[in-house]
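1. Fold the stuff below for me.
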Amino acid sequence: MTSEVDHQRRIQTICLLTLAFFAAGIALYLLRAMLVPFVLAVFFTFILTPLINFQVRRLRLPRALALVDTLLLGVLAMALLAGVIASSVAEMNDKQGLYIARLDELRTELDKVAEKLGYDLPRVVEGAQEQLKGLVGVVINEITSLLSDGFLVLIFLIFLILGRDVPLEEPRGGVLSKVETQIRSYLAVKVLVSAVTSALVYAILSIIGIDLALVFALLTFFFNFVPNIGSVIAVLLPLPVVVLAPGISLTEGTLAIALPFAVQFGMGNIVEPKLMGRSLDLHPVVVLLALIFWGILWGFVGMLLSVPLTAACRILLEQSSYTKPVADAMAGRLPARATTEDAA
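-> The predicted structure follows:
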């Protein structure tokens, strides 16, 4: 009788989880304009809390002063980011004519090759030229939206930090503490690896002489947070500039793609796994599905946060005996089938 009741409860739990999954997905999508800045602010709080604790514990600063220092550091970081973005947009605007002229040259060369081969070249290049002309306006609009969201993130961050009781000792025990510890560890490793990777990419592109090297390094830092496909996109981002930049030889263009790829491969497949291990305990297929799911809901920000958000959901599901099999499946620990001997 007890087993039958447990079986019915499990069925009810699965049905409720399915309904809750769809309801939560709809709510997350409809409220994304408010939730995305708030969730970003929560993750920044996880990153900045150790810095506040360090100032209180080691430097013996008053908590109020530590909070002010941390918030000023956040404002300074946002100001530097805005300055880099503004200078990059100005550089793109200045060199737009050169890129369009180079695109005309490539179109002329391709027309000659197509004429020799007796093939009518599609109007792909013409479409690319029109897109390039409007690229600056699109970038400015995206940057304006990004800075607007960044200001809202900063407002949320201020209230979250001011309302947080910063302990002298790290919290232990409890579900929320476990979630915070794992997410903080993940973010610390990703920030370190992404910063080193972006610095190496900037050095390589600057030495070769590729335009917008700082922009590509900054994009590399952010795209490294996107699992599976982020590093590939970061490597291919400089390709249009490499092709259109005048005075870049074939060897330099090849190195501008090959060397960042080698850096990404080494950092992503050798260094990062050793530092991170299996701290989040998620199966690679689950990571890919989470990337698609959060990307559909919240766009690029959802892709950035897909792994820690999914890891937090796995920890929460792990707390109940009814939902623990789902958490084990997300970690790749599928129940083994009972053999004939075991059944006997």
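
2. what's the burial count for Asn53?
-> Residue neighbour count, defined by other CB atoms under 10 Å, stands at 17 for Asn53. (Glycine included, C-beta is placed from N, CA and C.)

3. Work out for me the element it sits within.
-> Element membership of Asn53 [criterion: DSSP states H and E] is helix 32-57.

4. The stretch 101-250 of the chain: strands as residue ranges?
-> Counting by DSSP state E, counting those that start in this stretch, one finds no strands in the stretch 101-250 of the chain.

5. Run through it and note the low-pLDDT ranges.
-> Along the stretch 101-250 of the chain, the model assigns pLDDT under 70 to residues 110, 113-148, 164-173.

6. how about the helices in it?
-> Using DSSP state H, counting those that start in this stretch, the helices of the stretch 101-250 of the chain run over residues 124-133, 135-162, 175-208, 213-223, 230-236, 239-244, 250-266.

7. Flag every buried residue along the last one.
-> By neighbour count on 16 or more other CB atoms under 10 Å, the buried set for helix 250-266 is 253, 255-256, 259-260, 263-264.

8. Now do it against helix 175-208, angle only.
-> Interaxial angle, helix 250-266 versus helix 175-208 (axes from the mean of the first three to the mean of the last three CA atoms, to 10 degrees): 160 degrees.

9. just to revisit the earlier point, Leu73 is nearest to which of the helices of the stretch 101-250 of the chain?
-> Across the helices of the stretch 101-250 of the chain, the minimum distance to Leu73, taken as CB to CB, is reached by helix 135-162, at 11.2 Å.

10. Tell me the pLDDT of the most centrally placed residue in the chain.
-> Centroid check for the chain by CA atoms, centre = their mean gives Leu304 as the closest residue, at 2.5 Å. With respect to pLDDT, Leu304 scores 85.

11. Now do it against Leu152, distance only.
-> In this structure, Leu304 and Leu152 are separated by 16 Å, where distance is defined by CB to CB, to the nearest Å.

12. Quick one: neighbours of Asp328, just the number.
-> The burial metric for Asp328, expressed as a neighbour count using other CB under 10 Å, is 16.

13. Quick check, it in contact with Arg314.
-> No: judged on CB atoms under 8 Å, Asp328 makes no contact with Arg314 at a distance of 9.1 Å.

14. What distance do you get for Arg32 to Ile47?
-> From Arg32 across to Ile47, the span is 22 Å (CB to CB).

15. show me the contacts for the closest residue to the residue nearest to the centre of the chain other than its chain neighbours.
-> Leaving aside its chain neighbours, Leu304 sits nearest to Phe225 (4.5 Å; criterion: CB to CB, 6 or more residues apart in numbering). Contact criterion CB atoms under 8 Å, 6 or more residues apart in numbering gives 190, 194, 303-305 as the residues in contact with Phe225.

16. need these in TSV with distance to Ala66, can you?
-> Output for these, formatted as TSV (distance: CB to CB, whole Å):
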residue	distance to Ala66
Lys190	24
Ser194	26
Met303	33
Leu304	27
Leu305	26
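
17. Now, of those, which are buried?
-> Neighbour-count burial within the contacts of Phe225 applies to 190, 194, 303-305; the criterion is 16+ other CB under 10 Å.

18. quick one: which of the residues you listed is nearest to Ala203?
-> Of all the buried ones among the contacts of Phe225, Ala203 sits closest to Ser194, with 15.0 Å by CB to CB.

19. ok, the closest one touching Ala217?
-> No: the pair formed by Ser194 and Ala217 falls short of the contact definition of CB under 8 Å, at 10.2 Å.

20. returning to that earlier point: and which of the contacts of Phe225 is nearest to Leu162?
-> Nearest to Leu162 among these is Leu305, at 23.0 Å by CB to CB.

21. Next, the contact list for the closest one, please.
-> Neighbour list for Leu305: 39-40, 43, 225, 294, 298 [criterion: CB under 8 Å, 6+ apart].

22. which among those gets closest to Thr310?
-> Nearest to Thr310, judged by CB to CB, of the contacts of Leu305 is Trp294 at 7.6 Å.

23. if I read this right, the closest one contacts Pro308, doesn't it?
-> No: in this structure, Trp294 sits apart from Pro308 without contact. The criterion is CB under 8 Å, and the distance is 10.2 Å.

24. okay, these two: which has more neighbours?
-> Pro308 (24 against 20).

25. the inter-axis angle of whichever helix or strand the more buried one is part of versus helix 32-57?
-> Following DSSP H and E, one finds Pro308 within helix 306-317. In this structure, helix 306-317 runs at an angle of 80 degrees to helix 32-57, with the same axes, to 10 degrees as the basis.

26. tell me which residues in the one helix or strand Val286 maps to are buried?
-> Taking DSSP H and E as the definition, one finds Val286 inside helix 284-304. Of the residues in helix 284-304, 286-287, 290-291, 293-295, 297-298, 301-304 count as buried by neighbour count, 16+ other CB under 10 Å.

27. so what does that helix touch, helix or strand wise?
-> Using 3 or more CB pairs under 8 Å, 6 or more residues apart in numbering; DSSP states H and E as the contact criterion, the secondary-structure elements in contact with helix 284-304 are helix 2-30, helix 32-57, helix 306-317.
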